[in-house]
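Engineer: give the three-dimensional model of this entry:
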Amino acid sequence: MIRKFEAFDPEQLMKIWLSGNKDAHCFIASEYWEKNAPYVREQLLQAEIYVFETQGTIKGFVGLQDDYLAGIFVEKEFRCMGIGKQLLDHVKKLRQILTLNVYQKNERAVKFYLQEGFSIVSEGT
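Structural biologist: Reported below is the predicted structural model:
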């Protein structure tokens, strides 16, 4: 079930966010993600967030800031089960236009977004 973020969700989301970033971005030092976790926790409260939950456990989430897709994060053991696609499909119904940034070295994410109809409009360092 996909539902809107609630006040009791931040702990679960932060665990998923931190482990997901460390796993998907092994080319970035894990200290970077740990250092930025407090900032991200603050941003959670300002973003539009939807969670994928089953039996009271959050398996993934998607964050929006206006038309910017801040990220889709799914617990490692539940990836490739369609959760990320369901979350993306949910926000596609809410927005006519979505933009996002993806690390080029995160090949799995690049492939996912290209398959979902996104296109690369610029690259940067």
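
Engineer: can you pull out the low-pLDDT segments for this structure?
Structural biologist: Applying pLDDT under 70 to the chain picks out residues 124-125.

Engineer: could you pull out the helices in it for me?
Structural biologist: 10-24, 30-44, 83-94, 107-115 (DSSP state H).

Engineer: would JSON lines of the ones you listed with mean neighbour count be doable?
Structural biologist: For glycine as for every other residue, the C-beta is placed from the backbone atoms N, C-alpha and C. Shown next, in JSON lines, are the helices of the chain (neighbours: other C-beta atoms under 10 Å):
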{"stretch": "helix 10-24", "mean neighbour count": "17"}
{"stretch": "helix 30-44", "mean neighbour count": "13"}
{"stretch": "helix 83-94", "mean neighbour count": "16"}
{"stretch": "helix 107-115", "mean neighbour count": "14"}
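
Engineer: residue 61 is nearest to which of those helices?
Structural biologist: Judged by C-beta to C-beta, the one of these that comes nearest to residue 61 is helix 10-24, at 5.6 Å.

Engineer: I'd like the helices of the chain laid out as a markdown table, including distance to residue 54.
Structural biologist: Listed next are those as a markdown table, based on distance: least, C-beta to C-beta, whole Å:
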| stretch | distance to residue 54 |
| --- | --- |
| helix 10-24 | 13 |
| helix 30-44 | 21 |
| helix 83-94 | 9 |
| helix 107-115 | 21 |
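
Engineer: closest to residue 70 out of these?
Structural biologist: Nearest of the helices of the chain (C-beta to C-beta): helix 30-44, 7.8 Å.

Engineer: got the angle between that closest one and helix 10-24?
Structural biologist: Per axes from the mean of the first three to the mean of the last three C-alpha atoms, to 10 degrees, the angle that helix 30-44 makes with helix 10-24 is 140 degrees.
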